[in-house]
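**Student:** Okay, predicted coordinates and the sequence, questions at the end:
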Amino acid sequence: MTAPLPRIAYEPLVHAALLEDLGIAGDVTSEATIPAGTQARASLVSRAPGVLAGLDAALLAFTLLDPGVAIETFAGDGERVETGSRIATIAGDARALLGAERTALNLLSHASGIATATARYVGALPPGSHCTIAETRKTLPGLRALEKYAVRAGGGANHRLRLDDAILIKDNHVAIAGGVAPALDAARLRAGHLMKVEIEVDSLQQLEEVLAHPGGADAILLDNFSLEHLAEAVRRIGGRAIAEASGGITLASIAAIAATGVDVISIGALTHSTIALDIGLDVEMGGIGGPSRPDLRVTPVTLAGE
């Protein structure tokens with residue numbers, strides 16, 4: 001079971017998404033066609049098989065527009081759903097349900113698409129592999145916390161979250177610093193005792209420079225290495241640092257890459273090119289009167305992180 005994302009990490013995102021969609025005039029279509037106080041019930045339903053992520057954020061969209069909304073869930077983040085699976089039922093003010101619909105579906109479908117893609121990559125690893133699947137910082141602005149959480153929900157692990165939580169020396173840093181050794185020298189002076197240092201190399205020659213450095217690196221990113229060179233790099237590293245493979249990773253190639261012995265495979269496509277999981281909101285009962293309809297209420301639940 002995936003540890004829930006704290007509400008504080010996604011509530012501002014849901015607020016911003018609702019404001020973006022509702023504007024200052026609100027949902028004029030629902031207000032024009034649905035009498036005030038009308039109650040309705042609807043279900044979130046998966047239109048395709050996949051792995052869920054982002055459900056709490058999606059449900060918060062309904063709660064923010066109708067604090068009295070009642071919610072019953074039938075699946076949770078990290079769980080697999082099939083075509084036609086009912087994920088949750090929401091009962092409350094009909095205008096609020098429709099006003100929150102697109103925001104909720106956008107967040108849930110996007111995060112679930114990432115979780116589903118991650119699960120496919122994890123599932124493609126060879127049996128018994130110790131390799132970890134991770135994303136990168138190639139995330140959409142404002143969505144990083146949710147997207148990285150979705151990777152965890154799919155069975156993957158997170159790379160660094162931000163620029164300030166680890167030192168990752170890329171090729172441009174090496175070029176500007178004047179080489180591998182000067183870059184590592186400066187990084188080791190800056191890093192505290194709890195901060196990891198990783199460096200990207202694009203050849204076995206650069207790898208040797210890293211391994212010869214007295215401070216070395218905690219992790220070495222082997223960028224766009226061939227399978228032969230990956231295996232050789234892992235042999236040379238010999239467990240002295242975490243070996244990470246990155247660049248052009250696909251479902252077809254991941255098993256062979258993992259078989260070289262690398263510890264981590266980072267895949268930018270998990271967040272920047274994932275197809276959303278198709279999820280819809282199906283109204284189960286139409287507008288049938290004002291707010292005095294207790295039969296439309298189901299068991300309330302508390303969103304994770306509250």
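**Tutor:** Nice, thanks for sending it over.

**Student:** Count the neighbours of Ala175 for me.
**Tutor:** 10 (other Cβ atoms under 10 Å). Just so you know, the C-beta spots here come from the backbone N, C-alpha and C atoms, and that holds for glycine as well.

**Student:** let me fix that: Ala53
**Tutor:** Other residues within reach of Ala53, judged by other Cβ under 10 Å, total 35.

**Student:** Look up how far Ala259 lies from it.
**Tutor:** 28 Å (Cβ to Cβ, to the nearest Å).

**Student:** same thing with Ala58?
**Tutor:** Distance of Ala58 to Ala259, computed by Cβ to Cβ: 38 Å.

**Student:** Of the two, which one has the most company?
**Tutor:** Using other Cβ under 10 Å as the criterion, Ala58 and Ala259 rank with Ala58 on top: 30 against 15.

**Student:** Secondary structure element for the more buried one, which one?
**Tutor:** Mapping Ala58 onto the secondary structure by DSSP states H and E places it in helix 55-65.

**Student:** Neighbouring strands - and their directions - for whichever helix or strand comes after that helix?
**Tutor:** Downstream of helix 55-65, the first helix or strand assigned by DSSP H and E is strand 70-73. Counting by DSSP bridges, the strands paired with strand 70-73 are strand 86-93 (antiparallel).

**Student:** what's the next secondary structure element after the partner strand?
**Tutor:** Using DSSP H and E, the helix or strand that follows strand 86-93 towards the C-terminus is helix 94-123.

**Student:** Quickly note the distance from the spatially closest residue to Gly54 that is not a sequence neighbour to Val180.
**Tutor:** Setting aside the residues directly before and after it, Gly54 is nearest to Ala111 in space (Cβ to Cβ, 6 or more residues apart in numbering), at 2.9 Å. Separation of Ala111 from Val180 (Cβ to Cβ) stands at 38 Å.

**Student:** Look at the residue nearest the centre of the chain and tell me its secondary structure.
**Tutor:** Nearest to the geometric centre of the chain sits Glu147, at 2.4 Å (Cα atoms, centre = their mean). State at Glu147, reduced to three classes by DSSP: H, G, I helix; E, B strand; the rest coil: helix.

**Student:** quick one: it and Gly268 touch, right?
**Tutor:** No - look at Glu147 against Gly268 with Cβ atoms under 8 Å: they stay out of range, at 11.4 Å.

**Student:** shared neighbours, the two?
**Tutor:** Glu135 (Cβ atoms under 8 Å, 6 or more residues apart in numbering).

**Student:** relative to strand 86-93, how tilted is the helix holding Ala58?
**Tutor:** The directions of helix 55-65 and strand 86-93 differ by 10 degrees, with axes from the mean of the first three to the mean of the last three Cα atoms, to 10 degrees as the criterion.

**Student:** what's in contact with helix 55-65?
**Tutor:** Where contact means Cβ under 8 Å, 6+ apart, the residues beyond helix 55-65 that reach it are 4-5, 7, 10-11, 13-15, 17-18, 44, 69, 71, 73, 75-77, 87-88, 90, 92-93, 96-97, 99-100, 103-105, 107-108, 111, 146, 303-305.

**Student:** got it, and stretch 120-140?
**Tutor:** If you take Cβ under 8 Å, 6+ apart as the criterion, stretch 120-140 is touched by 114, 118, 144, 147-148, 151, 154-160, 162, 246, 249, 251, 254-255, 258-259, 262-268, 270-272.
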